[in-house]
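1. Give me a 3D structure for the following:
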Amino acid sequence: MGVVGLAVMGSNLARNLASREGNTVAIHNRSRAKTDTLLAEHPEAEFVPTFDYKEFAASLQKPRTAIIMVKAGAGTDAVIDALVDVFEPGDIIVDGGNALFTDTIRREKAVRETGVNFVGAGISGGEEGALHGPSIMPGGSDESWVTLGPILKSIAAVAEGEPCVTHVGHDGAGHFVKMVHNGIEYADMQLIAEAYDLIRRGTGRSPAEIADVFAEWNAGELESYLIEITAEVLRQVDASTGKPLVDVILDQAGAKGTGAWTVQTALNLGVPVSGIAEAVFARSLSSHPEQRAVSLELPGPVEDLRVEDADAFIEDVRLALYASKIVAYSQGFDEIRA
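-> The predicted structure follows:
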């Protein structure tokens, strides 16, 4: 099988594939430098380097399977066109990027006319997940799933004894589910941030002390990757200032578009996703400090929310976080169902 696009996600996914017994992975990148770097840094993977698409196609076992890990948009279309030119009917092209699901529907329809299978697959877990086991949400034809299923199951994360991958539907279904997954995650991260803020202002505890709270929560019904890494982040100290790292990081979040797409699509479907929408708006607002500065001059919540019973307050926040997470998931599932 092959991987096209060797930035962090693509190179880690290629390493994951190569680490599975019986897999040989061909690699290709638009610029040769990244291919050379990956070969030099990971000779144990025994990658098959290729430097044009004909060479790439010739190196793959039939039916050929290629996973594209490039930036969504025109770059994805260019790679798809190049692969279609050298692939044959029955071969499979998998787009593992964060494509807009309507683009995937368009691409799948166009590629299907050539006899080649096109699969839009959401891949979740970031660079660590790509390397050690992501959650994968493939769409595409039933025919492509026969070949692709065993490959994806071999590299996916495992939870409760099951690989975190299933065939979620046809054409754009995979990227639709990944879009909503990201929207839910936006809400999840916003809720965690608000829980942290309430505890810090309400109890006066330090980030390191709040890290212990999150670690305790992660041992119960709130157990999740995001809760786990929140505890880890809150323990970090900035080397240059000695301050908690969370107090030094610039409070302006970026976005890749999937959260906004989730809300836009929900509006089109008439599905209320208020929690997800507020999280998307909060992230957008964070990028405009000049607007947030105005609020400091207006009457509003007092800065000091000190409570008398810190333990009871923290438990209330935990329960509120749990309830709010359920709401966010329910809203996302409602959108998928619609």
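
2. Let me see the contact set for Ala255.
-> Val280, Arg283, Ser284 (C-beta atoms under 8 Å, 6 or more residues apart in numbering). For the C-beta atoms, the positions are set from N, CA and C on the backbone; glycine is no exception.

3. Give the buried subset of those residues as a ChimeraX selection command.
-> To isolate in ChimeraX the members of those that are buried, counting by 16 or more other C-beta atoms under 10 Å, one can use:
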select :280,283
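
4. In a markdown table, list the contacts of Ala255 along with pLDDT and distance to Gly73.
-> Shown next, in a markdown table, are these (pLDDT from 0 to 100; distance: C-beta to C-beta, whole Å):
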| residue | pLDDT | distance to Gly73 |
| --- | --- | --- |
| Val280 | 96 | 20 |
| Arg283 | 92 | 21 |
| Ser284 | 91 | 21 |
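
5. Just the closest of the contacts of Ala255 to Val307, please.
-> Val307 lies nearest to Arg283 out of these, by C-beta to C-beta, at 28.0 Å.

6. Give me the nearest residue to Ile105, chain neighbours excluded.
-> Distances taken as C-beta to C-beta, 6 or more residues apart in numbering put Gly172 closest to Ile105, at 4.1 Å, once the chain neighbours are dropped.

7. With Gly139 as the reference, measure out to that neighbour.
-> Per C-beta to C-beta, to the nearest Å, Gly172 is found 6 Å from Gly139.

8. Just give me the residues shared between the contact sets of those two.
-> Thr104, Glu108, Gly120.

9. Hmm, Gly169 and the second one touching each other?
-> What that stands for is Glu108. No. Using C-beta atoms under 8 Å as the test, Glu108 is too far from Gly169 to be in contact (11.3 Å).

10. between these two, what contacts are shared?
-> Residues touching both Glu108 and Gly169 (C-beta under 8 Å, 6+ apart) are Gly139.

11. The two: which has the busier surroundings?
-> Neighbours were counted for Glu108 and for Gly169 using other C-beta atoms under 10 Å; Glu108 has more, 24 against 15.

12. Which residue of Gly172 and Gly139 possesses the greater neighbour count?
-> Gly139 (29 against 23).

13. got a pLDDT number for the residue nearest to the more buried one when sequence neighbours are not counted?
-> Distances taken as C-beta to C-beta, 6+ apart put Gly174 closest to Gly139, at 3.3 Å, once the chain neighbours are dropped. Per-residue pLDDT puts Gly174 at 97.

14. cool, Pro289 as well?
-> What the model reports as pLDDT for Pro289 is 87.

15. what's near enough to touch it?
-> Asp251, Gln252.

16. ok, now how distant is it from Val246?
-> 17 Å.

17. which residues of the stretch 151-300 of the chain fall in strands?
-> For the stretch 151-300 of the chain, the strands defined by DSSP state E, counting those that start in this stretch cover 158-159, 162-163.

18. Pro63: which of those is closest?
-> Comparing these by C-beta to C-beta, strand 162-163 comes nearest, at 21.4 Å.

19. counting contacts, what elements does the closest one pack onto?
-> helix 142-155 (3 or more C-beta pairs under 8 Å, 6 or more residues apart in numbering; DSSP states H and E).

20. and the helix it packs on, how far from the chain's centre?
-> Distance, stretch centre to chain centre, for helix 142-155: 20 Å (C-alpha atoms, centre = their mean, to the nearest Å).

21. Quick one: list the elements packing against that helix.
-> Using 3+ C-beta pairs under 8 Å, 6+ apart: helix 142-155 touches helix 8-18, strand 65-68, strand 92-95, strand 117-124, strand 135-138, strand 162-163.
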